[in-house]
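>>> Sequence and predicted structure below; questions after.
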Amino acid sequence: MDLRGICVLSVILVVALSTLAEAKFPPTKCQCKSVPTERKNCGHPGITAEQCRRAGCCFNASVPGVPWCFSPKEKRVKKVCPSDVRARINCGFPGITAQQCQRLGCCFVPHPAGVPWCFYHRQVEEAC
Ligand SMILES: *[C@@H]1O[C@H](CO)[C@@H](O)[C@H](O)[C@H]1NC(C)=O
């Protein structure tokens, strides 16, 4: 096999792997909550719930006449500063000021001792 063949094969492999990786993150309930008439079809007619979910789509067969397998909505996330001190992931350095931390775009809570005061946000899904 020549070099080009190997290149083409690796591209196919990477695409296949990333598709697999995506399927590991099924849409959340929130992403699948939508007005039935606004559903965007995601699978072929007669697709099973299992096949649909494996394709990363939402399945809901409770309303006739609309797609049962449909595309999830975009996940809406918001940034929050974790309140659990053990969940803090250091974003700065010891002695960092509130201003310096703010410039890094991180959370600043100057207590308690022994944990980072400047720490990263966490992304949580917004309520739907
Ligand atoms: C299916 O869709 C209907 C109509 O939008 C909704 O009321 C119901 O809660 C959905 N079921 C599930 C399991 O999401």
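Good, I have the coordinates. Numbers count the residues shown, from 1 in each chain.
>>> Please make it C-alpha for all contacts and neighbour counts, starting now.
Will do.
>>> can you pull the pLDDT of the most centrally placed residue in the chain?
Geometric centre of the chain, nearest residue: K75, 6.6 Å, by CA atoms, centre = their mean. pLDDT, K75: 90.
>>> With the one 4 residues further on instead?
K79 carries a pLDDT score of 95 in this model.
>>> Can you give me the separation between the residue nearest to I47 when sequence neighbours are not counted and P27?
Counting by CA to CA, 6 or more residues apart in numbering, I47 lies nearest to C69, which is 7.5 Å off, once chain neighbours are set aside. For C69, the distance to P27 equals 12 Å [CA to CA, to the nearest Å].
>>> Equivalent analysis for G105, please.
Taking CA to CA, one finds G105 at 28 Å from P27.
>>> quick one, which of these two is more surrounded?
Taking other CA atoms under 10 Å, G105 and P27 do not tie; P27 has more neighbours (19 against 14).
>>> Can you pull the phi/psi pair for that one?
Backbone dihedrals for P27, given as degrees, to the nearest 10, come out at phi -60, psi 150.
>>> ok, it - contacts?
When contacts are counted by CA atoms under 8 Å, 6 or more residues apart in numbering, P27 touches G56, C57, C58, P72.
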